[in-house]
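Student: predicted coordinates and the sequence they were generated for:
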Amino acid sequence: MDNKQERDLGVLKLTMFVVGLTLASGVFSMAGDFAAVGASTGAMLIGWVICGIGMLSLALVYHRLSVIRPELTSGIYSYAKDGFGDYIGFNSAWGYWMSAILAQVSFATLLFAALGSFFDVFGAGNNTASVVISSALIWLTAIILNKGISQAHFINTIVVIAKVIPIAFMVLAVIFAREFDWATFTSNFWIDEIAGQSVMEQIKGTIFTTVWIFIGIEGAVVVSGRAKTTKESGRATMIGFLSLLALYVVITVLSYGVMPREELANLANPSLAGTVAYVVGPWGGALVNIAVIISLAGALFTYTLLYTDSAFAPASQECFPEFFKKTNKHNVPTNAIVISTIIVQFFLILVLLNESSFQALYTLSTSAIMVPYLLSGLYNLKLTMKGEGLNGENGSSVRVWTITILAAVYGVWMMYASGLVYVLIMALLYAPGTLLYIYTRKQQGKKIFNTTTDIVACVVIMIGFVASVILILNGTIAPF
């Protein structure tokens with residue numbers, strides 16, 4: 001490809017890309033989702049502290065890795081492969097790709113749930129009308145993107161601006177209406193048990209929401225191959241993270257101070273619409289739903305770009321089949337777009353058949369991405385233990401070790417807080433990828449598994465897959 005055409009993204013465009021990826025559906029539903037999992041005010045705040053420290057550490061890790069390993073573009077996959085070998089690296093790439101695809105499906109569901117507030121035909125966003133029209137929209141987006149990557153980033157920037165303005169208005173409306181009540185915020189601040197859940201269980205229950213709303217924060221690293229420099233992708237990650245963290249905390253705290261937790265938990269999606277309607281009247285809820293529609297329409301576009309790059313970049317490094325590398329005259333990976341969109345379409349059909357909720361879908365997307373996040377943190381730990389990047393040019397040793405340990409611990413925390421059921425569901429999502437891995441290795445004439453670690457990892461995934469299938473068949477778990 002033409003390197004000049006590829007490497008044309010600066011800090012501003014990359015930051016807009018990160019915000020466009022991350023600021024999507026979660027901001028409009030997170031307060032209600034916290035309340036729905038039984039998080040008391042205290043548990044919610046602790047969940048935010050853990051998320052803030054953990055995700056900040058991960059963001060700093062991605063920034064650090066972009067500096068000390070600038071040759072590893074499309075970092076999520078590259079880091080895992082460089083640190084742990086081909087099969088582990090493949091699974092990181094596969095998991096990230098599946099997460100982006102499932103996120104796209106969840107966006108489509110919430111988009112039409114928001115439209116359902118204006119047009120009854122769309123219901124909760126998971127009926128026939130919703131799936132048919134969302135399918136058409138997904139394919140239209142793919143066609144537009146197929147015309148060129150550069151215009152995709154321009155459109156994304158416009159959409160980001162369009163959705164930040166109404167979100168800022170919502171925050172100001174709650175503040176100036178003076179509906180925030182300290183007594184409401186502090187009532188039952190520490191509840192030893194809600195619906196049979198201990199405080200620790202409440203804190204663990206926040207994990208999927210907190211991780212979900214930050215999925216995309218690493219987006220500048222994923223497309224670092226298109227950045228002017230890898231350092232700029234790292235800076236964009238940090239700017240995007242700090243801006244969004246402040247926005248998320250403010251919205252959640254205000255929501256918990258406007259309505260009691262029990263009422264927040266019972267709000268329909270998107271819960272922020274109900275909160276704002278409570279403050280300023282029905283028109284406020286309508287405004288939120290309009291913002292949701294704008295936000296998710298933009299997210300559909302941005303995530304088409306993300307899942308396309310998530311298939312194309314690994315193929316460029318011989319991780320996925322060569323088929324995914326094919327580009328058209330606009331330098332766009334056509335096959336990666338088409339195959340990814342077909343998979344999105346498959347999941348949309350599953351949504352219709354199972355009447356899946358937005359929360360169920362984003363939980364699956366979050367489950368898929370936790371493994372790549374964990375592997376990134378462990379890769380950074382491996383480099384730090386070898387002394388790489390500790391020469392003073394990239395920060396003091398104490399600082400580096402601090403973020404390294406925190407990111408690794410947060411990766412482990414994500415897996416622990418998810419619980420055994422969702423660890424098994426992760427295996428369900430990852431197991432089919434092994435078939436693609438085997439096909440790719442045979443296509444390249446390479447040995448399928450190079451190490452004992454690869455074989456053990458494959459066996460563990462397959463055991464988890466079989467266990468998941470059995471539990472689904474007997475009705476114990478229902479991923480969708």
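Tutor: Sure thing, it's come through.

Student: show me where pLDDT drops low in the stretch 151-300 of the chain?
Tutor: 151-160, 162-163, 166, 188, 192-196, 218-231, 233-234 (pLDDT under 70).

Student: now the strands for it?
Tutor: Shown for the stretch 151-300 of the chain, the strands assigned by DSSP state E, counting those that start in this stretch span residues 193-194, 197-198.

Student: adjacent strands (with direction) for the last one?
Tutor: Read it as strand 197-198. Strand pairing for strand 197-198, using DSSP bridges, gives strand 193-194 (antiparallel).

Student: how near is the residue nearest to residue 268 when sequence neighbours are not counted to residue 355?
Tutor: Nearest residue to residue 268 in three dimensions, chain neighbours excluded: residue 274, at 6.6 Å (C-beta to C-beta, 6 or more residues apart in numbering). C-beta here means a position set from N, CA and C on the backbone, and glycine is covered the same way. Counting by C-beta to C-beta, to the nearest Å, the gap from residue 274 to residue 355 is 21 Å.

Student: who has more neighbours, these two?
Tutor: residue 274 (23 against 12; other C-beta atoms under 10 Å).

Student: looks like the more buried one contacts residue 285 (just checking).
Tutor: Yes: with contact defined as C-beta atoms under 8 Å, residue 274 counts as touching residue 285 (6.3 Å).

Student: still on that earlier bit, now do the same contact list for the residue nearest to residue 268.
Tutor: Counting by C-beta atoms under 8 Å, 6 or more residues apart in numbering, residue 274 makes contact with 32, 267, 268, 285.

Student: what about burial for those, which qualify?
Tutor: In the contacts of residue 274, burial by neighbour count holds for 32, 267, 285, counting by 16 or more other C-beta atoms under 10 Å.

Student: now, those residues that are in helices?
Tutor: Those of the buried ones among the contacts of residue 274 mapping onto helices are 32, 285, per DSSP state H.

Student: and the gap between the residue nearest to residue 268 and residue 264?
Tutor: Relative to residue 264, and taking C-beta to C-beta, residue 274 is found at 8 Å.

Student: show me whatever sits in contact with both of these two.
Tutor: Counting by C-beta under 8 Å, 6+ apart, the common neighbours of residue 274 and residue 264 are residue 32.

Student: tell me which residues of stretch 244-254 come out buried.
Tutor: 244, 245, 247, 248, 251, 252, 253, 254.

Student: nearest residue to the residue nearest the centre of the chain in space, please, no chain neighbours.
Tutor: Nearest to the mean C-alpha position of the chain, by C-alpha atoms, centre = their mean, lies residue 215 at 2.5 Å. Nearest residue to residue 215, sequence neighbours excluded (C-beta to C-beta, 6+ apart): residue 369, at 5.7 Å.

Student: look up how far residue 144 lies from the residue nearest to the centre of the chain.
Tutor: 23 Å.

Student: what of residue 423?
Tutor: To residue 144, residue 423 is 38 Å away according to C-beta to C-beta.

Student: over to residue 171?
Tutor: With distances taken as C-beta to C-beta, residue 171 is found 32 Å from residue 144.

Student: contacts for stretch 464-480 next, please.
Tutor: Residues contacting stretch 464-480 (C-beta under 8 Å, 6+ apart): 350-351, 354, 356, 360-361, 364, 421, 423-428, 430-431.

Student: show the buried residues in those.
Tutor: 351, 356, 360-361, 364, 423-428, 430-431.

Student: in helices, which of the residues you listed fall?
Tutor: Applying DSSP H to the buried ones among the contacts of stretch 464-480, the entries found in helices are 351, 360, 361, 364, 423, 424, 425, 426, 427, 428, 430, 431.

Student: how about the second one: what's its closest non-neighbour residue?
Tutor: Nearest-residue entry for residue 360: residue 480, 6.0 Å, with adjacent residues in sequence omitted and distances by C-beta to C-beta, 6+ apart.

Student: ok, how many other residues are close to that neighbour?
Tutor: Other residues within reach of residue 480, judged by other C-beta under 10 Å, total 14.

Student: residue 102 versus that one, what's the distance?
Tutor: Distance from residue 480 to residue 102, by C-beta to C-beta: 10 Å.

Student: now do the shared contacts for those two.
Tutor: 361, 364.

Student: picking up where we left off before, what about the residue nearest to residue 215, which helix or strand?
Tutor: helix 358-385 (DSSP states H and E).

Student: tell me the helices and strands packed up against that helix.
Tutor: Contacts defined by 3 or more C-beta pairs under 8 Å, 6 or more residues apart in numbering; DSSP states H and E place helix 358-385 against helix 26-36, helix 41-68, helix 75-84, helix 86-115, helix 207-212, helix 397-418, helix 420-443.

Student: same thing but at 10 Å, please
Tutor: helix 26-36, helix 41-68, helix 75-84, helix 86-115, helix 207-212, helix 334-354, helix 397-418, helix 420-443 (3 or more C-beta pairs under 10 Å, 6 or more residues apart in numbering; DSSP states H and E).

Student: list the buried residues in that helix.
Tutor: For helix 358-385, by 16+ other C-beta under 10 Å, it's 358-384.

Student: what do you get for stretch 309-324?
Tutor: So stretch 309-324, judged by 16+ other C-beta under 10 Å, has buried residues 309-321, 324.

Student: nearest to residue 449, of the residues you listed?
Tutor: Taking C-beta to C-beta as the measure, residue 449 lies nearest residue 319 of these, at 14.6 Å.

Student: so who does the closest one touch?
Tutor: 74, 77-78, 80-81, 86, 89-90, 92-94, 311, 313, 436-437, 440 (C-beta atoms under 10 Å, 6 or more residues apart in numbering).

Student: can you tell me which of those is nearest residue 396?
Tutor: residue 78 (26.1 Å).

Student: and the closest one, how far is that from residue 382?
Tutor: For residue 78 relative to residue 382 (C-beta to C-beta), the value is 14 Å.

Student: tell me how many other residues crowd the residue nearest to residue 297 when sequence neighbours are not counted.
Tutor: In space, and not counting its chain neighbours, residue 297 is closest to residue 111: 6.8 Å by C-beta to C-beta, 6+ apart. Residue 111 sits with 27 neighbouring residues when counted by other C-beta under 10 Å.
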